[in-house]
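Asker: Got a predicted structure plus its sequence, pasted below:
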Number of protein chains: 2
Amino acid sequence: MTDRYFDNFAIGDRFVTAGVTLTESAIIDFALRFDPQPFHIDAEAAKQSNYGGLIASGFQTLALGFRMVLETGVFRACSMGSPGFDELRWLKPVRPGDTLHTELEVVEKAPSRSKPDRGILRLKIWIKNQKGEDVITFTSMHLARRRG
Amino acid sequence: MTDRYFDNFAIGDRFVTAGVTLTESAIIDFALRFDPQPFHIDAEAAKQSNYGGLIASGFQTLALGFRMVLETGVFRACSMGSPGFDELRWLKPVRPGDTLHTELEVVEKAPSRSKPDRGILRLKIWIKNQKGEDVITFTSMHLARRRG
């Protein structure tokens, strides 16, 4: 993939990532470290929970969804990190065996007023499961280096 | 700690967590799996980046900050997951050796209209470093089981 910089992105550009399958062991392993709630680590307790079975930590789903964005290489040359994101919604539980991918669209871009080497991209992000259902949606800001 | 349910939380309740220190190896290990950008995994490339050195993935800082919230036990009895969060801002880089803790405040509560067993708590969350600087702020929603 050719290197992309702030200047190469246009409003309306869309990207679709490859997928990743969450296994039960990956779910429990992550949750033991970062989110040890019964419905993330205990398959038996999870059956009795409001989710009816084990589900992935939303932080894992979010991080994996973003990992798949990085894998596209779209931001490899230009990424300078993120100031934050907005309106994150966990819409569907992610269960062992689910396969996720991410879709993103550039919805705003603005050159930095104070730093001529960068701009801010605002992205709308959908993390989806194998049925095409949204499991997470949010809007994300990214600092992107300008060309040259 | 006594079990807390939706009914036990009041607007203005504040909680402060214990701390956790991020090591360089924890930063690189997480980022290799979830956020393999040069300023998170390559100490030499990171020196040349806009951060001037290795920094933690914001997804790691976020997940650890929330892990410390779970450690308090405040939500142990009542947590039913989260519908999402808003206005997340990564305000300061987190560097190897930094020690984080989380502070939270209940800013809204509302019983569910459709499900009598639960309510929604809205929390303002500050993840802070050892200097007391905010590294992340956001507002989070939590489904909380009602007593009985």
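Answerer: Looks like it arrived, so ask away.

Asker: Where does the prediction get shaky in chain A?
Answerer: Applying pLDDT under 70 to chain A picks out residues A:1.

Asker: Recalculate using a threshold of 50.
Answerer: By pLDDT under 50, chain A contains no weakly predicted segment.

Asker: show me where it has strands.
Answerer: Using DSSP state E, the strands assigned to chain A run over residues A:14-16, A:20-21, A:84-90, A:99-111, A:118-128, A:134-145.

Asker: neighbouring contacts of the longest one?
Answerer: Judged by Cβ atoms under 8 Å, 6 or more residues apart in numbering or on different chains, the contacts made with strand A:99-111 from elsewhere in the structure are A:6, A:9-22, A:61, A:64-66, A:68-69, A:94, A:118-130, A:135, A:139, A:146. For glycine as for every other residue, the C-beta is placed from the backbone atoms N, C-alpha and C.

Asker: Going by neighbour count, list what's buried in that strand.
Answerer: Buried positions in strand A:99-111, judged by neighbour count with 16 or more other Cβ atoms under 10 Å in any protein chain shown: A:Leu100, A:His101, A:Thr102, A:Glu103, A:Leu104, A:Val106, A:Lys109.

Asker: which parts of chain A sit against chain B?
Answerer: Proximity of chain A to chain B (Cβ under 8 Å from any Cβ of the partner chain) is limited to residues A:33-37, A:39, A:49-51, A:55, A:57-60, A:62-64, A:66-67, A:70, A:79-90, A:118, A:138, A:143.

Asker: Point out the ones among those that are inside helices.
Answerer: A:Arg33, A:Phe34, A:Phe39, A:Gly58, A:Phe59, A:Gln60, A:Leu62, A:Ala63, A:Leu64, A:Phe66, A:Arg67, A:Leu70 (DSSP state H).

Asker: Now neighbour count too, for those, in a markdown table please.
Answerer: Below are these laid out as a markdown table (neighbours: other Cβ atoms under 10 Å in any protein chain shown):
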| residue | neighbour count |
| --- | --- |
| A:Arg33 | 15 |
| A:Phe34 | 22 |
| A:Phe39 | 25 |
| A:Gly58 | 24 |
| A:Phe59 | 24 |
| A:Gln60 | 23 |
| A:Leu62 | 23 |
| A:Ala63 | 24 |
| A:Leu64 | 23 |
| A:Phe66 | 24 |
| A:Arg67 | 19 |
| A:Leu70 | 16 |
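
Asker: from those residues, which two are the most distant?
Answerer: Farthest pair in those (Cβ to Cβ) is A:Phe39 and A:Leu70. Separation: 28.1 Å.

Asker: Format the ones in helices among the residues of chain A next to chain B as a markdown table; extra columns: distance to A:Ser114.
Answerer: A markdown table is the format used below for those (distance: Cβ to Cβ, whole Å):
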| residue | distance to A:Ser114 |
| --- | --- |
| A:Arg33 | 38 |
| A:Phe34 | 35 |
| A:Phe39 | 45 |
| A:Gly58 | 34 |
| A:Phe59 | 32 |
| A:Gln60 | 35 |
| A:Leu62 | 29 |
| A:Ala63 | 30 |
| A:Leu64 | 34 |
| A:Phe66 | 26 |
| A:Arg67 | 30 |
| A:Leu70 | 27 |
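
Asker: Relative to B:Phe75, which of these is nearest.
Answerer: A:Phe39 (12.3 Å).

Asker: ok, the closest one touching A:Ala45?
Answerer: Yes. Contact criterion Cβ atoms under 8 Å: A:Phe39 and A:Ala45 qualify, at 7.0 Å.

Asker: Bridged to A:Ser79, which residues?
Answerer: A:Ala144 (DSSP bridges).

Asker: Might you report the residue contacts of it?
Answerer: With Cβ under 8 Å, 6+ apart, A:Ser79 has these contacts: A:His142, A:Leu143, A:Ala144, A:Arg145, B:Gln37.

Asker: Repeat the analysis, applying 10 Å as the threshold.
Answerer: By Cβ atoms under 10 Å, 6 or more residues apart in numbering or on different chains, the contact set of A:Ser79 is A:Val69, A:Leu70, A:His142, A:Leu143, A:Ala144, A:Arg145, B:Gln37, B:Pro38, B:Phe39, B:Ser49, B:Asn50.

Asker: Between those, which sits nearest A:Asp29?
Answerer: So of the contacts of A:Ser79, ranked by how close each gets to A:Asp29 (Cβ to Cβ), first place is A:Leu70, at 20.6 Å.

Asker: what's near enough to touch that closest one?
Answerer: Contacts of A:Leu70 (Cβ under 10 Å, 6+ apart): A:Thr17, A:Arg76, A:Ser79, B:Phe34, B:Asp35, B:Pro36, B:Gln37.
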